[in-house]
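**Student:** Coordinates for the following, if possible.
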Amino acid sequence: MLIVYTYMVLDIVHPGHMQMLANAKGFAGKEGRVVLGILTDDAAQEKKTKPTLTFDERFRIAQCLQYCDVVVAQEEYSPLPNMFSGYERRRIIEFMQVIKQMVFHQTKDLYPKIRFKEE
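**Tutor:** Numbers count the residues shown, from 1 in each chain. Here you go, the predicted model:
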């Protein structure tokens, strides 16, 4: 099963958000899942202005979107700490190198690349 993780503020829902989520769902495939991280107010303010809607309002909106299978809070702008919290990072990365099942999907922002070992 392929898991696609993407994240956004989702303060004002627009067609670009919907297209991005539709693309993520298409990439995940029938058996895959889309996990959507909603940035908390503090995380959003690392790169943008404070959201108009509260975090709870934005989270509830995200839960209603048809392309999202799971909605989670993202407390930092980078998705990596959010995805690996509670786990030993090195073991998670080794696990990912073996199964290659997690895909980070984001359109504009760059974050550290995870390099997989060659087979």
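
**Student:** Now do the helices in the protein.
**Tutor:** 15-28, 41-44, 55-63, 79-84, 89-99 (DSSP state H).

**Student:** Least reliable of these by average pLDDT, please.
**Tutor:** Looking at those, the lowest mean pLDDT belongs to helix 89-99 (a mean of 48).

**Student:** Grab the nearest non-local neighbour of Glu31.
**Tutor:** Spatial nearest neighbour of Glu31, excluding adjacent residues (CB to CB, 6 or more residues apart in numbering): Met1 at 5.2 Å. (Each C-beta comes from the backbone N, C-alpha and C, glycine too.)

**Student:** Isn't that neighbour up against Val35?
**Tutor:** No. Using CB atoms under 8 Å, Met1 is not in contact with Val35, being 11.8 Å away.

**Student:** Those two: which has the busier surroundings?
**Tutor:** Val35 (21 against 10; other CB atoms under 10 Å).

**Student:** ok, now which ones touch the more buried one?
**Tutor:** Val35 is in contact with Ile3, Val4, Tyr5, Thr6, Cys68, Asp69, Val70, Val71, Val72, counting by CB atoms under 8 Å, 6 or more residues apart in numbering.

**Student:** Buried members of these into PyMOL, please.
**Tutor:** Restricted to buried positions by 16 or more other CB atoms under 10 Å, the PyMOL selection for the contacts of Val35 reads:
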select buried, resi 3+4+5+6+68+71+72
